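Chemist: this one's structure only:
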């Protein structure tokens, strides 16, 4: 997994360090005991600290007399270093790697469609088929925090009458119901306040809302308002318009990355470790694949940059070998990078049909290569490859 290996001898350390690049890298030190794995922004400086001559005053970790071999791979970004380090630690320390990296699962909204009376909840656990299939329960995310996921879920469900309770229901007409049924905010299947057909119809509206990032409800309310206006029912139209205004801040809670997990396909562009390259990472089916070296300059005259990007994406193998735990961890690593206040690199999403915004990706590759600031990301739209606030195609 690491591409270069060097033998280390303490009596030749001074000349050894001169041959180590002063660049970002992931490295492994082998010798007595278990290997030492880490990442660094400057490999030579880090190795000099770990393997240099110890001083009497210094209390830093020194492995000079224990290490006999050094393996390393140069990386172009913190994102690449983190992902490579994760893979190495998972392989070398299968019982402790998660704690070492402090991996925290990404918060998701789960739509319990397999329940007899479906409901929604917030979770950090993926089911076996969640990332691979469009059958069974549905998951939406990743959200920045559990609090953000819970707030969005609560605010969104205010527009529907799907149940909020978490119990497995056994409908009984004698059951008194709850505060939501009293407030007419639930169809109350618990005491047969509606038919099963009516309840499943409401659940379908909720699923459409989550699938489209709220566009289905916005479209539905807009049509109702226009219909009321055409019938001169102006009070009704005003009430619907107020509901649309209430919906807008709810939709603004959705970052661009939040979408149905089995539809989440993203291309992450990172600086390359070598001159003239950027590194591409493909995220699909909750699995991270890469880095894929992409040359900025070398290309056939007959092939456009968009064509080369499309070819590079198409050449990535389908991620079918990963366990549910690995997919959940890959999602957590993506979420950690995406929600950083200052992140390096850019990310682009495929639409619901799998089409990529190739022209925007090409411009993003140019910006990352030149070290320019990324374009401002827009809010999520499941029905368009670009969002209202994104740059035009």
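Modeler: Here it is on my side, so go on. Please read these numbers as outputs of a predicted model, since none were measured by experiment.
Chemist: okay, now the unreliable bits of the stretch 101-250 of the chain?
Modeler: 129-134 (pLDDT under 70).
Chemist: can you give me the helices for it?
Modeler: Applying DSSP state H, counting those that start in this stretch to the stretch 101-250 of the chain gives helices spanning 146-157, 179-182, 196-211, 215-230, 234-251.
Chemist: got these as JSON lines, with distance to residue 278 columns?
Modeler: C-beta: built from backbone N, CA, C; applies to glycine. Putting the helices of the stretch 101-250 of the chain into JSON lines (distance: least, Cβ to Cβ, whole Å) gives the following:
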{"stretch": "helix 146-157", "distance to residue 278": "31"}
{"stretch": "helix 179-182", "distance to residue 278": "51"}
{"stretch": "helix 196-211", "distance to residue 278": "32"}
{"stretch": "helix 215-230", "distance to residue 278": "33"}
{"stretch": "helix 234-251", "distance to residue 278": "33"}
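Chemist: relative to residue 73, which of these is closest?
Modeler: Comparison of the helices of the stretch 101-250 of the chain against residue 73 by Cβ to Cβ identifies helix 146-157 as nearest, at 34.6 Å.
Chemist: name the helices or strands packed onto that closest one?
Modeler: When contacts are defined as 3 or more Cβ pairs under 8 Å, 6 or more residues apart in numbering; DSSP states H and E, helix 146-157 packs onto strand 108-111, strand 120-123, helix 196-211, helix 234-251.
Chemist: that helix: which residues count as buried?
Modeler: In terms of neighbour count (16 or more other Cβ atoms under 10 Å), helix 146-157 has its buried residues at 146, 148-149, 152-153, 156-157.
Chemist: using TSV, lay out those together with distance to residue 30.
Modeler: As requested, these are exported to TSV (distance: Cβ to Cβ, whole Å):
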residue	distance to residue 30
146	40
148	42
149	42
152	47
153	48
156	52
157	54
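Chemist: quick check, nearest of these to residue 212?
Modeler: residue 156 (11.9 Å).
Chemist: so what's that closest one up against?
Modeler: By Cβ atoms under 8 Å, 6 or more residues apart in numbering, the residues touching residue 156 are 209-210, 214, 250.
Chemist: of those residues, which is the most crowded?
Modeler: In terms of neighbours by other Cβ atoms under 10 Å, the contacts of residue 156 top out with residue 214 at 25 neighbours.
Chemist: separation between it and residue 332?
Modeler: In this structure, residue 214 and residue 332 are 25 Å apart, going by Cβ to Cβ, to the nearest Å.
Chemist: and for residue 51?
Modeler: From residue 51 to residue 332 the distance is 33 Å (Cβ to Cβ).
Chemist: coming back round to it: the contacts of residue 156: which two are farthest apart?
Modeler: 210 and 250 (12.0 Å).
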